[in-house]
Structure formats: C-alpha cells, structure tokens
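**Q** using only what follows, build the 3D model:
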Amino acid sequence: MRVILAEDSTLLREGLVRLLAEEGHEVLAAVGDAEQLLAAVEAHTPDVVVADVRMPPTHTDEGLRAALEIRRRRPEVGVLVLSQSVEKRYATELLTPDPESPQGVGQGAGHRAGHQGASDRGVGHRGVGHQGAGQGAGHQGVGYLLKDRVVQVDEFLDALERVGRGRAAFDPEVVRQLLARSSRTDPLSRLTARERDVLGEMAQGHTNASIAAHLHVSQSAVEKHINAIFDKLGLTGTTGYSRRVLAVLRYLGS
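**A** Model prediction:
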C-alpha cells in the first residue's frame, strides 16, 4: 500500500515510517505540517494518508482541515486521522460528505469495497449488502483513531488496511463516546443492548463475520441484528455496507 504520513512529532513520524516499511508498505512521503501534506498528495498518488489532527503552526486542527481538503480534491485517497483525544466535531466532519464533492463519504467505502465473498454477504439489499474488495475502485475509506491505538501495532495496521480497502475504521473509544453523547436519544433507546454492541462493531468497520466472532454469536444472528438496527433508525432505504455504517455515525453525531 502506498502511504503518506503527516505527523509533527519527529519521533512518532519516523517510528511509523519504519513500522510501515517493515510491514511491506511504501511510504511515499513523511511530512511535519499540513501544507507539506497537501503538496505531497498532489505530487504522489497515495492509497492512504495518515494525518495527525493537530499540526503546526497553531496545533489546533490544521491536520483535520488538510484531511478534509484531500477528501474533496482526491476522493480516491483513503484518509486515516490520528487524534490525542476524542473530538466529536472532528469525527462528525470526517463523516459528513462534502456537498461540492461528486463522491461524498456516503458513497466512499461501500462502492470501493465491492464483493468479498459469500461468507460476508450479510443481509443482501435490505441489510448491509455485499462487503469486501474489488468493485468500483476510486472511492475513499475513512478512519479516526486515538494516538494511543498506534502503539497497539496490530490494531493500527488493521485500521490502515481497512481504510486502504475503502472501508471505515473508527477507534472503539470514538464509537463509544459518539453513542454515549448522541443527542438523538429516542431512536437509540429503541435498540437492545446487543444491537448497540453490533452497531459499535459496524462503526469500527468490521464485517459480519468479524462481528460474529467478536460477540460470539452466529453470523445469521448478526444479520438479524443489523436489519433491526436499520429498521429502528429508519435507514433501510440506504444501500451499500460502508455507506450504512457512515450514515449511522452521521446520524449519531448530528
């Protein structure tokens, strides 16, 4: 996978470069500020950009602004944002499609993800649709991880792979807080405890098979819960696996 890194901490940046190279990824550029990040993306053709939210000169949200600009200019590039803490506004902005973009987030991961195989086919047209890789390249994945997750190397690499395949990858703590802070309590109150568990797993970008393994239930049970979730949240008319995941997160974050 071709990756561009943007992190102002030299130690962390160089550590990530080394890690990714050892895992067989090609690091096209490793930069320390948002301006350099945008220039690097224009100069190269990355599959994924990994960017810190807070970068010079003000260390507020330069990295996030650059990530959003990349999503607008280069919808084929996946974006994985790193943050020191959970910022609901940042997650919501990443999930909200740009009205000026022909391929907002809603279309991002699902179409690029395509078909993964019969084992992950979920609930067909009514549920989460067909998941996997191979259909319609050119749509981006999106992810939001806490920096603490980076030191858990396997989880970081898994998130990077998911974003590179055009899927969603959200930190479990980000998902938990989005669910907890949602102002739309009525629809959520209709979900059972198990449905909320499944919703959280979906938001992290896991497939039906992965959710079943994590929750120790059958895949058919997961499919049933997913159908119930979207019925209760009024999202049954939406098509595409990752589009559904992002639609739920936008709903919760609004």
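
**Q** need the strands for the protein, in chain order.
**A** Secondary structure of the chain (DSSP state E): strands at 2-6, 26-31, 48-52, 78-83, 142-146, 168-170.

**Q** output the contacting helices and strands for the fifth one.
**A** Pointing back at strand 142-146 there. For strand 142-146, the elements it packs on are strand 78-83, helix 88-95, helix 153-164, strand 168-170, helix 172-181, judged by 3 or more Cβ pairs under 8 Å, 6 or more residues apart in numbering; DSSP states H and E. The way it works is simple: take the backbone N, C-alpha and C, and place the C-beta from them, glycine included.

**Q** re earlier: need the strands of the chain in TSV with mean neighbour count, mean pLDDT and distance to residue 211, can you?
**A** Converted to TSV, these look like this (neighbours: other Cβ atoms under 10 Å; pLDDT from 0 to 100; distance: least, Cβ to Cβ, whole Å):
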stretch	mean neighbour count	mean pLDDT	distance to residue 211
strand 2-6	23	97	27
strand 26-31	18	97	31
strand 48-52	27	96	23
strand 78-83	26	93	21
strand 142-146	25	89	18
strand 168-170	27	84	13
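
**Q** okay if I get these as TSV plus distance to residue 222?
**A** Formatted as TSV, those follow (distance: least, Cβ to Cβ, whole Å):
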stretch	distance to residue 222
strand 2-6	31
strand 26-31	35
strand 48-52	27
strand 78-83	25
strand 142-146	22
strand 168-170	17
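
**Q** quick one on the thing from earlier: closest to residue 190 out of the helices and strands packed on strand 142-146?
**A** For the helices and strands packed on strand 142-146, proximity to residue 190 was assessed by Cβ to Cβ; helix 172-181 is nearest, at 13.5 Å.

**Q** what about the closest one, average pLDDT?
**A** On average, the pLDDT along helix 172-181 is 72.

**Q** with stretch 8-16 instead?
**A** 92.

**Q** one more: stretch 55-75?
**A** 90.

**Q** could you dump it to PDB, C-alpha only?
**A** Written as PDB, here are the backbone C-alpha positions of stretch 55-75 (Å, rounded to 0.1, in the frame of the first residue of the first chain):
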ATOM      1  CA  MET A  55      -0.300  20.300  13.400                       C
ATOM      2  CA  PRO A  56       1.800  23.500  13.000                       C
ATOM      3  CA  PRO A  57       1.600  26.300  13.100                       C
ATOM      4  CA  THR A  58      -1.300  26.600  15.600                       C
ATOM      5  CA  HIS A  59      -1.600  22.900  16.700                       C
ATOM      6  CA  THR A  60      -5.300  23.100  16.600                       C
ATOM      7  CA  ASP A  61      -7.000  21.400  13.600                       C
ATOM      8  CA  GLU A  62      -4.600  22.000  10.600                       C
ATOM      9  CA  GLY A  63      -4.300  18.300  10.000                       C
ATOM     10  CA  LEU A  64      -8.100  17.800  10.000                       C
ATOM     11  CA  ARG A  65      -8.600  20.700   7.600                       C
ATOM     12  CA  ALA A  66      -5.900  19.200   5.300                       C
ATOM     13  CA  ALA A  67      -7.600  15.800   5.500                       C
ATOM     14  CA  LEU A  68     -11.000  17.300   4.600                       C
ATOM     15  CA  GLU A  69      -9.400  19.100   1.700                       C
ATOM     16  CA  ILE A  70      -7.800  15.800   0.500                       C
ATOM     17  CA  ARG A  71     -11.200  14.200   0.700                       C
ATOM     18  CA  ARG A  72     -12.600  17.000  -1.500                       C
ATOM     19  CA  ARG A  73      -9.800  17.100  -4.100                       C
ATOM     20  CA  ARG A  74      -8.800  13.400  -4.200                       C
ATOM     21  CA  PRO A  75     -11.800  11.200  -3.400                       C
END
